[in-house]
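S.K.: give me the fold of what follows.
(one chain, ligands or ions: 1)
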Amino acid sequence: MDLHTLPTLTNLSNCVTIVEKDNTKIVRVIHDKATAGISLHGGHVISFQPTGKADLIWMSEAAIFDGKTALRGGIPVCWPWFARIGSPSHGFARTQQWTLVEHRESEEGVVVTLGLTANDETLAIWPYQFSLLLHVAISETLQVTLEITNRDEKPWTFSGALHTYLQVGDIRQTTTTGMGREYIDNLQDNIICQGDEVLQLTDTIDRVYTTPEPLIRLHDPVLKRDILVENDGHNSTVLWNPWLQGAQSMADMTDDGYQTMLCIESTVHSPCISAGITLQPGEQHQLKTTLTVSD
Ligand code: TA6
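M.R.: You can find the predicted model right below:
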């Protein structure tokens, strides 16, 4: 996504400005090593482009920047649950307005931190006090860390994901390795299946891989690159592509949008609201994903 043409609202430093797209404020980072954008709506990374490379992040051309709708593409923050085990689907964090907590820069890169705490809207949905910090470390690589803290006097349980949409030249020519073989198939009533070591898509998939390796490799012969995905603090890695029928069913994705994307998601998966990770008062958990591009 081209961030350079967006109007500037505030210059915060040599590298960091607040720009605007429709109804959404975006933290734009322009550093020697990379350019990146993070929407304050949703705490949502929408672009990461190492200098001289194509954006690693896929954003839908039809994404709706109205400041209310979850953005299609980028890295949605799905919390305090993943998928439809609660309402709204994928939780409320990706449709809340986050605040810019701090930004730090050096020759190595820029770290932008956004924050979200409980408010009347979230308490009406999920009656617990919490704080989220999203640390986005931008250099030749992108490291996104969701720092989750229980700020309540009672324990609570969460699941969630950093729901990364990666950009590929042609999904049909892309191969993925490292996700492991066992997966829960969301398209076959969540039965447990055994897949192959190498995945090349010919149709839609929606899979929770339960034994992923530390490093997942997306090989893209069209863009002549590999994207390496390293996740941490997760219990699974979700791979999803809606294919044509799924793209046609979404107003915020063009019919051909599925051809240039694959979601590889750092996920705390749970079959139900009560079976995720439980944090005691004051306890913290970090969910992380790191993206690296290699030619
Ligand atoms: O991560 C895969 C998934 O759970 C799919 O089932 C699909 O629903 C996708 O997320 C997108 O969900 P969204 O609510 O953003 O349309």
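S.K.: stretch 6-15: which residues count as buried?
M.R.: Judged by neighbour count (16 or more other C-beta atoms under 10 Å), stretch 6-15 contains these buried residues: Leu6, Cys15. (Each C-beta comes from the backbone N, C-alpha and C, glycine too.)
S.K.: list of residues touching that stretch?
M.R.: Stretch 6-15 is contacted by residues 17-21, 25-26, 28-31, 103, 105, 110 when judged by C-beta atoms under 8 Å, 6 or more residues apart in numbering.
S.K.: buried subset of the residues you listed as a ChimeraX selection?
M.R.: Here is the ChimeraX selection string for the buried members of these, based on 16+ other C-beta under 10 Å:
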select :17,18,19,21,25,26,28,29,30,31,103,105,110
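S.K.: which two in the contacts of stretch 6-15 are spaced the farthest apart?
M.R.: Greatest spatial distance among the contacts of stretch 6-15 (C-beta to C-beta): Lys21 and Glu105, at 22.7 Å.
S.K.: so which of the contacts of stretch 6-15 belong to strands?
M.R.: 17-21, 25-26, 28-30, 103, 105, 110 (DSSP state E).
S.K.: including distance to Trp79 and pLDDT, could those go into TSV?
M.R.: As requested, those are arranged in TSV below (distance: C-beta to C-beta, whole Å; pLDDT from 0 to 100):
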residue	distance to Trp79	pLDDT
Thr17	27	98
Ile18	24	98
Val19	25	98
Glu20	25	97
Lys21	23	96
Lys25	21	98
Ile26	20	98
Arg28	24	98
Val29	23	98
Ile30	29	98
His103	22	98
Glu105	27	97
Val110	24	98
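S.K.: any idea how far Leu201 is from the residue of the stretch 151-295 of the chain found nearest the ligand?
M.R.: Here the stretch 151-295 of the chain gets closest to the ligand at one residue, Trp240, 3.8 Å apart by C-beta to the nearest ligand atom. Applying C-beta to C-beta, to the nearest Å, the value for Trp240 to Leu201 is 10 Å.
S.K.: hey, what's in contact with both of these two?
M.R.: Here Trp240 and Leu201 share the contacting residues Leu262, scored by C-beta under 8 Å, 6+ apart.
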